[in-house]
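Peer 1: 3D model of this:
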Amino acid sequence: MDTKSAGTLGVCIIVAALAVTLLPRGAAAPTHSIHSAEGSLEVDYMIQTSPSEAEGAKMDQVTAIDFLPNYVVVKTRSGHGVVFVRDRIRRLSWSVQEAARK
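Peer 2: Numbering: from 1, shown residues only. This is a model prediction of the structure:
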């Protein structure tokens, strides 16, 4: 290999290494998803906020629940979303909203 070829190869390796480290990595694909295009799901959750406390609430008009390896993402019809860390979830359930059933 001559000097010019070695230099070109070196530059290619550096560019590839920079691209791998600087470009954002794609989000992990959900392992399981639940979808409702109408936003007819209601999610009830309880999240641990400290070693001795937890807070919970209900979210309505949910369009999707995506289960990823370390997180659960809940998306609403308004375009907002909430990310729950899996090891902090104490309760997570969902159902079809009553108004959507009629």
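Peer 1: Look up which residues are beta-bridged to residue 53.
Peer 2: Legend: beta-bridge partners of residue 53 under DSSP bridges are residue 50.
Peer 1: May I have the host helix or strand of residue 46 as PDB, with CA atoms only?
Peer 2: For residue 46, the element it lies in under DSSP states H and E is strand 41-50. C-alpha atoms of strand 41-50 as PDB (Å, rounded to 0.1, in the frame of the first residue of the first chain):
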ATOM      1  CA  LEU A  41     -57.400   4.800  26.200                       C
ATOM      2  CA  GLU A  42     -57.200   5.800  29.900                       C
ATOM      3  CA  VAL A  43     -54.000   5.000  31.800                       C
ATOM      4  CA  ASP A  44     -53.900   4.600  35.600                       C
ATOM      5  CA  TYR A  45     -50.400   4.700  37.100                       C
ATOM      6  CA  MET A  46     -48.500   4.900  40.300                       C
ATOM      7  CA  ILE A  47     -44.800   5.900  40.300                       C
ATOM      8  CA  GLN A  48     -42.300   5.600  43.100                       C
ATOM      9  CA  THR A  49     -41.000   9.100  43.900                       C
ATOM     10  CA  SER A  50     -38.800   8.200  46.800                       C
END
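Peer 1: Now residue 37: closest residue in space, sequence neighbours ignored.
Peer 2: residue 63 (6.7 Å; Cβ to Cβ, 6 or more residues apart in numbering). No exception for glycine: its C-beta is placed from N, CA and C like everyone else's.
Peer 1: So that neighbour sits against residue 35, correct?
Peer 2: Yes: using Cβ atoms under 8 Å, residue 63 makes contact with residue 35 at a distance of 6.8 Å.
Peer 1: Have a look at those two and say which one is more surrounded.
Peer 2: Taking neighbours as other Cβ atoms under 10 Å, residue 63 and residue 35 compare with residue 63 leading, 19 against 12.
Peer 1: quick revisit: quick check: mean pLDDT of the strand holding residue 46?
Peer 2: The pLDDT scores in strand 41-50 average 95.
Peer 1: Now for residue 72, how many residues are close by?
Peer 2: 20.
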